[in-house]
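Q: quick one, fold the following:
(2 chains)
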Amino acid sequence: MTPRLSRRNALKAVLGGLTVASAGLLTQRKVRAEDPSEDPRFLIVLTATGGASIIDSVMAVRASECPNASRLNTFPDEQVQSIPGSPFRAVKYASKKVGPLPYAVDTDQAPFVKKYHQDLLAVTWTTTSVNHAVGERRAITGNEAWRGRTLQEIVAAYYGKKALLPNAHLVAGLGFNEAGSDTTLPDYAFGEVVAEPLYWPLSLHGTKGTPARDKASQVADARALRSRLEAASEMNRVYQHAPLLKRWRELRDSRLPAFEQANLIDRLLFLPNDDKHPLGAYGLSPSADAQRVRDAFPDYDRDPVDAQAALAFLLLKQRLSVAITLGFTFELSYNEAAGGLGNGELPPGALFNLPIGFDFSHQSHRAAQALMWSRVFKVVDGLITLLKSEEYAGGQSLWDRTLLYIATDFGRTKDRPENHEGFGSGHDLNNGVLLLSPMVNGNRILGGVDPTTCLTYGFDPITGAPDPGRTMNEAQIFSGILGALRVDTSASGLPDVPAMRKG
Amino acid sequence: MSPERRRHTYGALCGLGLALVGSLACSPSEPQQETPAPLPTGGESRRARVRFKGLHRLENDLSQALSLPIEELCTELGSEPCSRIHKIALGGVMPYTRGIHEPLPLRSVSNAAAVDRLVISACARRAELDFGGATPPVLFGDLTQTLDDLGAERAARRLYNALLRRDESPEERAEIVTFVAQQKAKGATPQEVALLACYALGTSVEALFY
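A: So this is what the prediction gives:
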């Protein structure tokens, strides 16, 4: 007997179906809203390698404020400028040489600090190691605060599920680049090293730009042949379960075709199509934003950090990465285009990076810090300008979603020989770091500096009130950064530091 | 003789035997007249430890296999050596300029792409020389205009000898012959077929890992 379908039953069925369907939609929406990778935020770690001293920057101390000024790292009053409408200071410093280097320094931090003070947050801390590699690692793991995960890995794991290169390291070989020790994180969260940012996009496609560039279909046939030949080989039988070969096949057979399909090579190349780089002749074309990034970072083909910054912007703009590490290393970076020694002096613009970076402060603290801070601010300025000009969605810019952390190894010693201006400094645990972002509690210094010792002190992590009896540790600042990035740290056991985030 | 010692002696004899067989098999010859030496029977490797050849072994092997100077293997954009541009992706190190003191683990898609680019360029260069007519062909002389089965079989033998330093198995030979026929049917030129077969074998795991 066929069941009779009454009007009431039919209505019930339709309504029931609608309820189920709408419940499904609601669930989907909820899932979407709860998936952080749908609405990511971005982290840039800029490495100020070697020990960037906060009291040579926005927390500089004037000699007139310090009873022991001649024996501490204080500046003549006229070299420390106040920035109107902000608690920050800015150092204006000039010198005819940097220790033994015949290189003139003439720097002024005021324009940068004035331009970005609303998004600038200085936080003090006292770290736990004066070893470069250890200090660098602790700067990104909060001294192993959350199962040894790095900030970059956490952000990549949280926001980067849909990104092709969630955690890009455009600089390499530093403690800031070390992998964390939590192997339970998904594979995609771990860093991808880019050693040559200028040419690296070429290595995101197996054939484009090669002699087989116009043979896509034939190359696909050849790849299929390769798989059949491998399946038939004795090596395959003997080593079929070798973990390395499994990973290789995953890279080669799954991930590479996805990269090729996304045409990352053309989206990320920022070289000009010219005689030196005849991209067109090889079937390649530069990114639509290539000219913009070259204008922002005009030394891209000489200065490694300019090249890194140019690529960093493209990776963020294309939503390919959510965590990017770039910056200064210990390696001397010399601008050969500036020329050699003339009249016994290095020409202006000759040094992109001092030998051993900020650590050249051992030889000449004040000039090294001034030169390196000016280099850091120049790169940050270029990056923020580009990110502000790029819409994220809903009227927000990419910069509105980005946090830039100027990471450093440790601080520098605060004392100096009596009245010595060209003094050298050692490593010191006491310091502070700079964060820039619309997401941080900007235009603030959290903590302070004691002018009698030039040592920084801490703050109340909840209210942000300065507390001269307290020092902040690595875990607190680490947690504050993640909080500003709205990463869910509820399972981490990290201390909450709401004072560092906006709202 | 202790079991341990017996194992060593047996291993040495086997090694010698394999070396002799291997040396005989190294010169390209008529595939039909030779049965490939059987590899030692046995199961799957328990340890299954393999290593990526890395930049220098890879370049040296390709250079020898394709009779090309290393500097002619691969350039990007006509002038930049692949060994410089893709040094890290190919398993090299840059201790002084990048602080990379050891090869990075194979975790990046650029590893696979850089290998493809290196081998494709090298194979294309060999094919260009062999089919250019200026010098006698070194590797692809058997792939004549007709792309017939016999030529394909001979080419398979030469490719396996050059790139993997062993003879091909009948199954592997059949795969190459079929591939050549398919490409011929699709209108590929002998030079293109040479490049593609060389690329397929030169990027196989046996050519890249040891």
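
Q: which element, helix or strand, includes the closest residue to chain B within the stretch 151-300 of chain A?
A: For the stretch 151-300 of chain A, the residue positioned closest to chain B under C-beta to the nearest C-beta is residue A:173, at a distance of 2.0 Å. For glycine as for every other residue, the C-beta is placed from the backbone atoms N, C-alpha and C. Element membership of residue A:173 [criterion: DSSP states H and E] is none; it lies in no helix or strand.

Q: the one 10 residues further on now?
A: Applying DSSP H and E as the criterion places residue A:183 outside every helix and strand.

Q: now it: how far from residue A:253?
A: In this structure, residue A:183 and residue A:253 are separated by 24 Å, where distance is defined by C-beta to C-beta, to the nearest Å.

Q: neighbour count for those two, which is higher?
A: Taking neighbours as other C-beta atoms under 10 Å in any protein chain shown, residue A:183 and residue A:253 compare with residue A:253 leading, 13 against 10.

Q: now the more buried one, nearest residue through space, not along the chain?
A: What sits nearest to residue A:253 in space, not counting adjacent residues and going by C-beta to C-beta, 6 or more residues apart in numbering or on different chains, is residue A:227, at 7.4 Å.

Q: got it, and residue A:345?
A: Leaving out its chain neighbours, the residue that sits closest to residue A:345 by C-beta to C-beta, 6+ apart is residue A:102, at 4.5 Å.

Q: residues touching that neighbour, list them.
A: With C-beta atoms under 8 Å, 6 or more residues apart in numbering or on different chains as the criterion, the residues that contact residue A:102 are A:96, A:341, A:344-346.

Q: now swap in residue A:310 and tell me
A: Contact partners of residue A:310, counting by C-beta under 8 Å, 6+ apart, are A:197, A:270, A:293-294, A:296-297, A:300.

Q: which among those count as buried?
A: The neighbour count (16 or more other C-beta atoms under 10 Å in any protein chain shown) marks A:197, A:270, A:293-294, A:296-297, A:300 as buried among these.

Q: tell me the domain ranges of the chain?
A: Reading this off chain A. When chain A is parsed with automatic domain parsing, its domains come out as A:41-198+A:300-500, A:203-286.

Q: sorry, should have said chain B
A: Using automatic domain parsing, chain B is parsed into the domains B:1-30, B:47-208.

Q: can you confirm residue A:43 is in a strand?
A: Yes - counting by DSSP: H, G, I helix; E, B strand; the rest coil, residue A:43 is found in a strand.

Q: tally up the residues packed near it, please.
A: Applying the criterion other C-beta under 10 Å, we find 28 residues in the vicinity of residue A:43.

Q: try the one 10 residues further on
A: Applying the criterion other C-beta under 10 Å, we find 30 residues in the vicinity of residue A:53.

Q: and the nearest residue to it once chain neighbours are set aside, what does it touch?
A: Beyond its immediate neighbours in the sequence, the residue positioned closest to residue A:53 (C-beta to C-beta, 6+ apart) is residue A:412, lying 4.3 Å away. Listed by C-beta under 8 Å, 6+ apart, the contact set of residue A:412 reads A:51, A:53, A:56, A:73, A:361, A:365, A:369, A:425-428, A:431.

Q: output the below-cut-off pLDDT ranges for chain B.
A: B:1-42 (pLDDT under 70).

Q: thinking again about what came up before, mind listing what's buried along the host helix or strand of the residue nearest to residue A:253?
A: Taking DSSP H and E as the criterion, residue A:227 maps to helix A:216-232. Counting neighbours by 16+ other C-beta under 10 Å, one finds that the buried residues in helix A:216-232 are A:218-219, A:221-223, A:225-226, A:228-230, A:232.
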